[in-house]
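build me a model:
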Amino acid sequence: MRYLLIICVLIQCSCSPAADKDPVHKKVTGNWFVLYPKLESDNQRQEDVYAKLEDSLVTLKGVKLVSFLESGVFIQWDSTILKGKWGTVNENEVVVSRAGKGFENFKAVYSGMEDDVLKLAEYINANGEKLKLVWHLKKITSGKTAGLFDTEKNKWRAVPAKEETEEEMKQRLSQMLSYYSIYFKLISDESSYFMPVRIMLPVKFYQHAIGMKEYDTAHRFTSLFHSAPQAKKGFDLLKKAVNSTRYDLPDDIKNSYSYEYSLMLEKLSEEIKK
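Model (predicted):
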């Protein structure tokens, strides 16, 4: 019933010109990087309950790239581009629906903005406790990171309608590597952690190194290609680049694994085109 109510509210919001005058709607509109959740707790029991849920909640939304468009469209740019609806109700409530994992049925209260960081308070009922979880989202407006939300920069996600030549495949793999290079630079600037599950590349991340996983037909990477043979070809091209590329990294950045990965992926993006 609650889900149907949110759907009705979103339909009303998307059709109403009042949304243009809604101050919360204007503040939330934009491109965002989900930083982290913070529990605002009243007692130790709430903290204990949250401790058991934290990993699963962070996995749903943490370090994701999302867009709240002025038109009422909500986009997740996680693996495939997922679109849903969003709107505001009761002056300060933000609701999102049918937008993929973490945002299928999301409702939060606008809690303020500081230094381009948006705060949305989500209330979760768990084990007899009502938890107040404040999500912090960083607004992305300019520079290379703004390209992470650019449809043109995300074309590599679209499955080709026909088989690609090796050169076309190398070009698309290069675009993919470049995209994640920028993503890891954003991680290094704004986050204290990253989640390998957000990366569609079949790679492993080590201390000061990147390696390849075993080929797996169930890996999301294979879904980006026209056919199974093309997916295996793409994997082999990527593996060859990873195994042959040598990195000359500055010593002063070796305390930031995310920045190292950013530089490595940038180098791979250039090498794979050769």
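
mind listing the helices for the chain?
2-15, 23-28, 44-61, 166-190, 228-244, 257-271 (DSSP state H).

isn't residue 220 right up against residue 200?
Yes: at 5.0 Å, residue 220 counts as touching residue 200 under the criterion of CB atoms under 8 Å. In short, each C-beta sits where N, CA and C put it, glycine included.

more crowded one of these two?
residue 200 (20 against 14; other CB atoms under 10 Å).

burial count for the closest residue to residue 191 other than its chain neighbours?
Nearest non-adjacent residue to residue 191, counting by CB to CB, 6 or more residues apart in numbering: residue 63, 5.8 Å away. Using other CB under 10 Å, residue 63 has 21 other residues around it.

low-confidence ranges, this structure, go.
Scanning the chain for pLDDT under 70 picks out 1-21, 254-255.

could you rerun that using 50?
Across the chain, residues meeting the criterion (pLDDT under 50) sit at 1-9, 11-18.

name the residue closest to the centre of the chain, please.
Centroid-nearest residue in the chain, with CA atoms, centre = their mean: residue 64, separated by 2.5 Å.

look up how far residue 222 lies from that one.
Going from residue 64 to residue 222 by CB to CB, to the nearest Å gives 22 Å.

quick one: the helices of the chain as a markdown table, columns for mean neighbour count and distance to residue 141 too.
Formatted as a markdown table, those follow (neighbours: other CB atoms under 10 Å; distance: least, CB to CB, whole Å):
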| stretch | mean neighbour count | distance to residue 141 |
| --- | --- | --- |
| helix 2-15 | 14 | 24 |
| helix 23-28 | 17 | 13 |
| helix 44-61 | 14 | 21 |
| helix 166-190 | 19 | 13 |
| helix 228-244 | 16 | 32 |
| helix 257-271 | 20 | 20 |
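
ok, now how distant is residue 44 from residue 51?
Shown here: residue 44 relative to residue 51, a distance of 10 Å by CB to CB.

ditto for residue 107
Distance of residue 107 to residue 51, computed by CB to CB: 23 Å.

shared neighbours of residue 220 and residue 200, anything?
Residues touching both residue 220 and residue 200 (CB atoms under 8 Å, 6 or more residues apart in numbering) are residue 79.

my guess is residue 119 meets residue 109, correct?
No: counting by CB under 8 Å, residue 119 sits too far from residue 109 to count as a contact (9.2 Å).

shared neighbours of the two, which are they?
Both residue 119 and residue 109 lack any common contact, where contact means CB under 8 Å, 6+ apart.

for the closest residue in space to residue 53 that isn't next to it in sequence, what are its contacts?
Of all residues not flanking residue 53 in the chain, residue 126 sits nearest, at 6.0 Å (CB to CB, 6+ apart). Listed by CB under 8 Å, 6+ apart, the contact partners of residue 126 are 49, 50, 53.

what's the answer for residue 147, then?
The contact partners of residue 147, by CB under 8 Å, 6+ apart, come to 153, 179, 182.

quick check: closest non-adjacent residue to the first one.
So the one you mean is residue 153. Residue nearest to residue 153 in three dimensions, not counting chain neighbours: residue 147, with 4.5 Å by CB to CB, 6+ apart.

the second one now?
Closest residue in space to residue 179, ignoring its immediate chain neighbours: residue 153 at 6.3 Å, by CB to CB, 6+ apart.

tell me how many other residues crowd that neighbour.
Neighbours of residue 153 under the rule other CB under 10 Å: 17.

what does residue 143 give?
10.

so who does it touch?
So residue 143 contacts nothing (CB under 8 Å, 6+ apart).

and the gap between it and residue 87?
Remark: distance between residue 143 and residue 87 (CB to CB) = 29 Å.

would you agree residue 131 is in contact with residue 42?
No: shown here, residue 131 and residue 42 do not form a contact pair, counting by CB under 8 Å, at 9.6 Å.

so these two - more neighbours on which side?
Using other CB under 10 Å, the more surrounded residue of residue 131 and residue 42 is residue 131, with 21 against 11.

gap between that one and residue 53?
Residue 131 sits 8 Å away from residue 53 when distances are taken as CB to CB.
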